[in-house]
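*Asks:* what's the 3D shape of this:
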Amino acid sequence: MTKSIIFDLGSVLAGDEWLRVYGEIANEVKIPEEKVREIVNSLFIKWSLGKIDEGGFWKEFEIKTGTNLPEEFTKDFFLKTYKEWSKDIKESWEILVELKAKGIRLALLSNTIEPHVLANEEMGRLRRLRDIGFEAFVWSYKEGVGKPDPRIYKVMLEKLNLPAEACVFVDDDLENVEAAKELGMQGIHFQTPEQLRKDLTKLGLL
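*Replies:* Okay, the predicted model is just below:
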């Protein structure tokens, strides 16, 4: 019997602002956006696993691109851009409220960086998730491990004190969903809120 649903955040509950981020950086360094995307993504993975911090991110970015970015551009860049561009996916939030009303325990598991968590706190998004009923939050940069590594799912299961079989995992990245299923969870590959609603209804949860 399903007792909890564990949600990803980006592109599931909040819109993806990354295209605008790549564009903003590419415009500043005058390097093709595709190249910026490749470098930023590789460094973001390291950052989201706690292997580098914000200063380390920009230092490595400058080395890889042969650029020298002004501090007024890099200072709090990820905090400011996230707060400006990250918007709720309204229909997904409506589903959260319905699930909580049915007694489903809610949790959040995200591959993320400290500025984005801070931005979510400052924007009031985390407070609103707590108000809905989210009881557990796991952030990759704090754990030093991220999805699809099975260890981070186990951190969440320990927080919830539930077996994998009692949980459903929802993520827009299919690889992350498959990893959760290998541990024994049911998985939903998020594509749209409408599809999420249909999949949850099929599972008898809505």
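*Asks:* how many other residues sit next to Leu126?
*Replies:* 18 (other C-beta atoms under 10 Å). The way it works is simple: take the backbone N, C-alpha and C, and place the C-beta from them, glycine included.
*Asks:* can you pull the contacts of Leu13?
*Replies:* By C-beta atoms under 8 Å, 6 or more residues apart in numbering, the contact set of Leu13 is 7, 88-89, 92-93, 96, 108, 129.
*Asks:* what about Leu183, distance to Val12?
*Replies:* 19 Å (C-beta to C-beta, to the nearest Å).
*Asks:* ok, these two, which is more surrounded?
*Replies:* Val12 (22 against 16).
*Asks:* do I have it right that the more buried one meets Asp172?
*Replies:* Yes. At 5.5 Å, Val12 counts as touching Asp172 under the criterion of C-beta atoms under 8 Å.
*Asks:* isn't Phe190 right up against Leu9?
*Replies:* No. Counting by C-beta under 8 Å, Phe190 stays clear of Leu9, with 10.9 Å between them.
*Asks:* helices and strands around the longest helix along the chain, which ones?
*Replies:* Longest helix in the chain, counting residues (DSSP state H): helix 33-48. Using 3 or more C-beta pairs under 8 Å, 6 or more residues apart in numbering; DSSP states H and E, the elements in contact with helix 33-48 are helix 18-29, helix 54-65, helix 140-143.
*Asks:* and the residue lying closest to Ser4 once chain neighbours are set aside, how many neighbours?
*Replies:* In this structure, Ser4 finds its nearest non-sequential neighbour in Arg105, 3.9 Å apart by C-beta to C-beta, 6 or more residues apart in numbering. Arg105: 19 surrounding residues under other C-beta under 10 Å.
*Asks:* equivalent analysis for Leu96, please.
*Replies:* Neighbours around Leu96, by other C-beta under 10 Å: 19.
*Asks:* helix or strand right after the strand or helix carrying it?
*Replies:* Using DSSP states H and E, Leu96 maps to helix 90-101. Heading C-terminal from helix 90-101, the first helix or strand you meet, by DSSP H and E, is strand 105-110.
*Asks:* and the residue of the chain most remote from its centre, how far is that from Val170?
*Replies:* Residue farthest from the centre of the chain, counting by C-alpha atoms, centre = their mean, is Gly66 at 29.7 Å. Using C-beta to C-beta, Gly66 is found at 41 Å from Val170.
*Asks:* in the longest helix of the chain, what's buried?
*Replies:* Going by neighbour count (16 or more other C-beta atoms under 10 Å), the buried part of helix 33-48 is 36-37, 39-40, 43-44, 47-48.
*Asks:* which residues of the chain score low on pLDDT?
*Replies:* Along the chain, segments meeting pLDDT under 70 are nowhere present.
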